[in-house]
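Visitor: starting from these lines, generate the structure:
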Amino acid sequence: MTSELRAIWVYLAASPLLGLTATLVAYQAGYWLYRKSGHHPLVNPVLIAVVALVAMLKLTGTDYRTYFDGAQFVHFLLGPATVALAVPLYQQLRQLQRSLVAVLVAVTAGSLTAAASAVGIAWLLGASRETLLSLAPKSVTTPIAMGIAEQIGGLPSLTAVLVILTGMTGAMLATWTLNLLRIGDWRARGLAVGVAAHGIGTARAILVHPVAGAFAGLAMGLNGVATALLLPLLARWIFG
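Guide: Here you go, the predicted model:
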């Protein structure tokens, strides 16, 4: 019986549909738990899905490339999903226009702070040059961060992992951190989450409040532009 099940698994593992199905099922399971918890920030559906998928790949001995042959279809949707954030932005357009100068200043400061603090702490802990350069764009959405990392001499695969960890951590801790700092303005809360925790944090902000979600989406997009423009220049100046 065991050999028959193994033969079936080998057959299924060769199909791109395995990665796609496993990804969708893992996320749906995580989202179900998230809803059951009353949208508790620690019960993050992305974190649950990542843990479940890593466990599946480890237990079955499935190669990551084999898994990604199917999961790439979900990966492709990351671009359209990011563009779709224009909808809540449009819905809050008047508020955005009134706060444009403050938004631009805040996003630029947040972008520089996110990169400098991460690189500075890692440098103090003795991280290698490649690790520092991979860490610098960790607060930008994955496709942009990987492109920046490759351009400045980092490791895109390491950057992707760091970006996901940053987003999950930000989505889980942002509410408590902002409450602790007594920041009640939904615009400010959204900006902070969008700059610090990119798409995963923005998804959380949209669930919490529409204004926070709109400003988080704007911050995520502007942070991507600011980081793509500023970080290569700073990397050349600092690392030569």
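Visitor: and this structure, what are its domains?
Guide: Residue ranges for each domain of the chain read 2-76, 83-239, as given by automatic domain parsing.
Visitor: go through those and pick out the most buried.
Guide: domain 83-239 (a mean of 19; mean count of other C-beta atoms under 10 Å). The way it works is simple: take the backbone N, C-alpha and C, and place the C-beta from them, glycine included.
Visitor: what's the end-to-end length of it?
Guide: Domain 83-239 has an end-to-end distance of 33 Å (criterion: C-alpha to C-alpha, to the nearest Å).
Visitor: ok, stretch 133-149 next?
Guide: Using C-alpha to C-alpha, first and last residues of stretch 133-149 are 6 Å apart.
Visitor: from the chain's centre, how far out does that stretch sit?
Guide: In this view, stretch 133-149 has its centroid 10 Å away from the chain centroid, taken as C-alpha atoms, centre = their mean, to the nearest Å.
Visitor: which residues sit against that stretch?
Guide: 78-79, 82, 111, 114-115, 118-119, 122, 127, 152-156, 158-160, 162-166, 195-199, 220, 223-224, 227-228, 231-232, 235, 239 (C-beta atoms under 8 Å, 6 or more residues apart in numbering).
Visitor: now Arg35, what's its secondary structure?
Guide: For Arg35, the secondary structure call by DSSP: H, G, I helix; E, B strand; the rest coil comes out as helix.
Visitor: where do the helices sit along the protein?
Guide: For the chain, the helices defined by DSSP state H cover 2-13, 16-36, 45-60, 64-76, 78-83, 86-91, 93-98, 100-124, 129-135, 142-152, 156-180, 186-208, 210-239.
Visitor: could you dump those into a markdown table with mean pLDDT added?
Guide: Converted to a markdown table, the helices of the chain look like this (pLDDT from 0 to 100):
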| stretch | mean pLDDT |
| --- | --- |
| helix 2-13 | 52 |
| helix 16-36 | 85 |
| helix 45-60 | 86 |
| helix 64-76 | 75 |
| helix 78-83 | 71 |
| helix 86-91 | 71 |
| helix 93-98 | 76 |
| helix 100-124 | 87 |
| helix 129-135 | 89 |
| helix 142-152 | 84 |
| helix 156-180 | 88 |
| helix 186-208 | 87 |
| helix 210-239 | 83 |
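Visitor: for the nearest residue to Leu133 once chain neighbours are set aside, what are its contacts?
Guide: What sits nearest to Leu133 in space, not counting adjacent residues and going by C-beta to C-beta, 6 or more residues apart in numbering, is Gly154, at 3.6 Å. By C-beta under 8 Å, 6+ apart, the contact list for Gly154 reads Glu130, Thr131, Leu132, Leu133, Ser134, Leu135, Ala136, Pro137, Ile148.
Visitor: skipping adjacent residues, who's closest to the third one in space?
Guide: Nearest in space to Leu132, with sequence neighbours left out and distances taken as C-beta to C-beta, 6+ apart, is Val119 at 5.1 Å.
Visitor: how close does the one you found sit to Ala228?
Guide: From Val119 across to Ala228, the span is 16 Å (C-beta to C-beta, to the nearest Å).
Visitor: cool, Leu218 as well?
Guide: Computed with C-beta to C-beta, the distance linking Leu218 and Ala228 is 16 Å.
Visitor: ok, now His209?
Guide: According to C-beta to C-beta, His209 and Ala228 sit 28 Å apart.
Visitor: what would stretch 54-74 look like as CSV? C-alpha coordinates only.
Guide: Extracted C-alpha coordinates of stretch 54-74, given in CSV (Å, rounded to 0.1, in the frame of the first residue of the first chain):
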residue,chain,number,x,y,z
VAL,A,54,7.4,24.2,3.7
ALA,A,55,6.3,21.3,5.8
MET,A,56,4.7,19.6,2.8
LEU,A,57,7.8,20.0,0.6
LYS,A,58,10.1,18.8,3.4
LEU,A,59,8.1,15.8,4.3
THR,A,60,7.5,14.7,0.7
GLY,A,61,11.0,15.5,-0.5
THR,A,62,9.6,17.7,-3.3
ASP,A,63,12.1,19.9,-5.1
TYR,A,64,11.2,23.7,-4.9
ARG,A,65,11.6,24.1,-8.7
THR,A,66,9.0,21.3,-9.2
TYR,A,67,6.6,23.0,-6.8
PHE,A,68,7.2,26.4,-8.4
ASP,A,69,6.3,25.1,-11.9
GLY,A,70,2.7,25.2,-10.6
ALA,A,71,2.9,28.0,-8.0
GLN,A,72,4.2,30.4,-10.7
PHE,A,73,0.7,30.9,-11.9
VAL,A,74,-0.2,32.4,-8.5
